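1. Kindly generate the corresponding structure for this input.
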Amino acid sequence: MTERLIILDRDGVINEDSDEYIKTLDEWIPIPGSLEAIGKLSSAGWEVVVATNQSGIGRGLYSVETMHAMHRRLIELIAPFGGQIAGVYYCPHTPDQKCDCRKPKDGMFREIAARYGRERLDGVPMVGDSLRDLQAGMPLGCQPYLVLTGKGAVTFLKGAHDGSELPPGTRVRVSLAAVAQELCS
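-> Down below sits the predicted model:
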């Protein structure tokens, strides 16, 4: 069991996000500094896991094979920085399918905990750019980090204006690179 586990959302944290979905390998574009951040985390002994909603699969916008090609590209691009991905967990369902794995539900996080022989993920950093990313890790005790990349700035500003609150103890950082800097210092 690793003590240094970190869970990352994908779109908006590692790569650019789009309201039109990331449907092709050409649309999968790393956020500046994210690849180096994963390398920094891996080199410092963190086991990096990705947990991502991918409803574009359920909507028929792209295939599971296309998504896997994006993840292979990620693995290729982080390798020169010493980066490794220990696992990718994804939900292919649309919201109306009412699954238990689509964030903000905690199904993917329960699966990650089981893989590491844990009942809970107390203190495990969960890095996301949306409220649902952070909410998914809360029942298992994750430490939420909101990054301002992707939809993160809108998530942060919306919470300030409409009274919705980020989960207790949420740490707000400018990017995944800033999170890696903090955790590796």
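2. ok, so what distance separates residue 122 from residue 179?
-> Per C-beta to C-beta, to the nearest Å, residue 122 is found 18 Å from residue 179. In this view, the C-beta of every residue, glycine as well, is placed from N, C-alpha and C.
3. More neighbours: which of the two?
-> residue 179 (23 against 11; other C-beta atoms under 10 Å).
4. List the contacts of the more buried one.
-> 37, 125, 127, 145, 147, 171, 173 (C-beta atoms under 8 Å, 6 or more residues apart in numbering).
5. ok, of these, which come out buried?
-> The neighbour-count criterion (16 or more other C-beta atoms under 10 Å) marks 37, 125, 127, 145, 147, 173 among the contacts of residue 179 as buried.
6. ok, and the closest non-adjacent residue to the third one?
-> In space, residue 127 comes closest to residue 145 once its chain neighbours are excluded; the distance is 4.5 Å by C-beta to C-beta, 6 or more residues apart in numbering.
7. Am I right that that neighbour is in a helix?
-> No: read with DSSP: H, G, I helix; E, B strand; the rest coil, residue 145 is strand and lies in no helix.
8. That one contacts residue 128, correct?
-> Yes: if you go by C-beta atoms under 8 Å, residue 145 and residue 128 touch, sitting 7.4 Å apart.
9. what are the ranges of the strands in the chain?
-> 5-8, 47-53, 87-91, 125-128, 143-147, 171-173 (DSSP state E).
10. what about the second one, average pLDDT?
-> Over the span of strand 47-53, the pLDDT mean works out to 98.
11. which residues touch that strand?
-> Strand 47-53 has contacts (C-beta under 8 Å, 6+ apart) with 2, 4-11, 14, 38, 41-42, 71, 83-91, 102-103, 108-109, 112, 126, 132, 136.
12. Return the set of buried residues in the lengthiest helix in the chain.
-> The longest helix of the chain (DSSP state H) is helix 64-78. Neighbour counts over helix 64-78 (16+ other C-beta under 10 Å) mark 66-67, 70-71, 74, 77-78 as buried.
13. Tell me what the residue nearest to residue 127 is bridged to.
-> Beta bridges link residue 145 to residue 127, residue 171 when assigned by DSSP bridges.
14. so what's it up against?
-> Contacts for residue 145 (C-beta under 8 Å, 6+ apart) come out as 125-128, 134, 170-173, 179.
15. Give me the distance between it and residue 34.
-> Per C-beta to C-beta, residue 145 is found 13 Å from residue 34.
16. Residue 87 too?
-> With C-beta to C-beta as the criterion, residue 87 and residue 34 are 18 Å apart.
17. More neighbours: which of those two?
-> Neighbours were counted for residue 87 and for residue 34 using other C-beta under 10 Å; residue 34 has more, 25 against 14.
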